[in-house]
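Asker: A predicted structure for the sequence below; I have some questions about it.
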Amino acid sequence: MAFTAKDVAALREKTGCGMMDCKKALDASNGDMDAAIDFLREKGLAAATKKAGRIAAEGVAFACVNEEGNVGVDIEVNAETDFVAKNAEFQHFVTACAETVIAQNPADVDALLACKAVGTDRTVDELLKEKIQTIGENIKVRRFKRMEGVVAAYIHAGGKIGVLVKFDTSADVAAKEEFKEYAKNVAMQIAAIAPQYLDQDSVPAEVVEHEKGILKEQIINDGKPAAIADKIVAGRLGKFFKEICLLDQAYVKDGDMSVQQYTDTTAKALGGSIKVVEYVRFEKGEGLEKREDNFADEIANMIK
């Protein structure tokens, strides 16, 4: 029995399995939908799909750079519990995902899942479903960011936060141990202080205008004349930028200088120029609904 792309999509809708798995199932069952569902269940894929509806807000944020030091990735992979995040199989899967992103440069998570995992003849999606089966929890690849050039990676608290930073500097400067220490310090700053933007030019105009409006209202409410409020606002905006912009922030290891001043000082000492180009900071479970466990109910269910 022949089948169409609509049949593949319908099977995916019913089971939640990947498109290629659904196509294989329909091939094996000659287009019979019920037989294809049985095929997926027999392969354990439908069971993995049932777990896919469960909340996965734990896991790890993982950042790394390749051996050549010219490509890096920051990736977040979620699981249901922190316990599983420490599981060796889970960690190996996360590493495989990161290495595949570095090697194959997929456009997004769906493209990554379709890639052959580095060092295997299986797709990342196939490995993912296998891990869901063997580990027994829902696992999701949530997001990643890949950068090329002079990059530095930092992982905080065993995977709570992953940071990747890109710099513009010469190969000679980048090869020096002093630069590597500097790059690590900048990444640690990002992990600790969580800046929202790289610099003042990166802050959207609407964000600046919104802050100006709030500051102006505060000044007027403090009894200052509206005529001079704008001048006071201009002065207070500097403090706002120091809070949200990486390069304007006080450097955590020396509060007497900003991150930009630390960068300039390092560049001068190393006899070159250094510019922070971009960064990404992933915190595991950030913005996700957390699972709320009731220990008493869990014990009661176990007794039953």
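Answerer: Received the coordinates, thanks.

Asker: can we go C-alpha only for contacts and neighbour counts from here?
Answerer: OK.

Asker: what's the first helix or strand after the helix or strand harbouring residue 27?
Answerer: Residue 27 is part of helix 19-28, with elements assigned from DSSP states H and E. For helix 19-28, the following helix or strand on the C-terminal side (DSSP H and E) is helix 33-42.

Asker: list the buried residues in that following helix.
Answerer: For helix 33-42, a neighbour-count test (16 or more other Cα atoms under 10 Å) marks 33, 36, 37, 39, 40 as buried.

Asker: with just CA atoms, put it into CSV.
Answerer: Extracted as CSV, the C-alpha positions of helix 33-42 are listed here (Å, rounded to 0.1, in the frame of the first residue of the first chain):
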residue,chain,number,x,y,z
MET,A,33,-1.3,3.3,9.8
ASP,A,34,-2.2,0.9,12.7
ALA,A,35,0.6,-1.5,11.7
ALA,A,36,3.0,1.5,11.6
ILE,A,37,2.0,2.5,15.1
ASP,A,38,2.6,-1.1,16.3
PHE,A,39,6.0,-1.0,14.6
LEU,A,40,7.0,2.1,16.4
ARG,A,41,5.8,0.7,19.7
GLU,A,42,7.7,-2.5,19.1
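
Asker: which elements pack onto it?
Answerer: helix 5-15, helix 19-28, helix 45-51 (3 or more Cα pairs under 8 Å, 6 or more residues apart in numbering; DSSP states H and E).

Asker: let's see it at 7 Å
Answerer: With contacts taken as 3 or more Cα pairs under 7 Å, 6 or more residues apart in numbering; DSSP states H and E, helix 33-42 sits against helix 19-28.

Asker: and the helix it packs on, average pLDDT?
Answerer: Helix 19-28 shows a mean pLDDT of 85.

Asker: and that helix with helix 5-15, angle?
Answerer: Here the directions of helix 19-28 and helix 5-15 differ by 110 degrees (axes from the mean of the first three to the mean of the last three Cα atoms, to 10 degrees).

Asker: now do helix 19-28: which elements does it pack against?
Answerer: Checked by 3+ Cα pairs under 7 Å, 6+ apart, helix 19-28 has helix 5-15, helix 33-42 packed alongside it.

Asker: residues of it that come out buried?
Answerer: The neighbour-count check on helix 19-28 (16+ other Cα under 10 Å) flags 19, 21, 22, 23, 24, 25, 26 as buried.

Asker: quick one: the residue lying closest to the second one once chain neighbours are set aside and residue 130, what's the gap?
Answerer: In other words, residue 21. Computed as Cα to Cα, 6 or more residues apart in numbering, the closest residue to residue 21 that is not its neighbour in sequence is residue 40, at 7.8 Å. As for residue 40, its distance to residue 130 is 13 Å (criterion: Cα to Cα, to the nearest Å).

Asker: about what we covered before: got the buried residues of helix 33-42 as a markdown table, with pLDDT and distance to residue 253 columns?
Answerer: Formatted as a markdown table, those follow (pLDDT from 0 to 100; distance: Cα to Cα, whole Å):
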| residue | pLDDT | distance to residue 253 |
| --- | --- | --- |
| 33 | 87 | 62 |
| 36 | 85 | 60 |
| 37 | 80 | 58 |
| 39 | 80 | 59 |
| 40 | 75 | 55 |
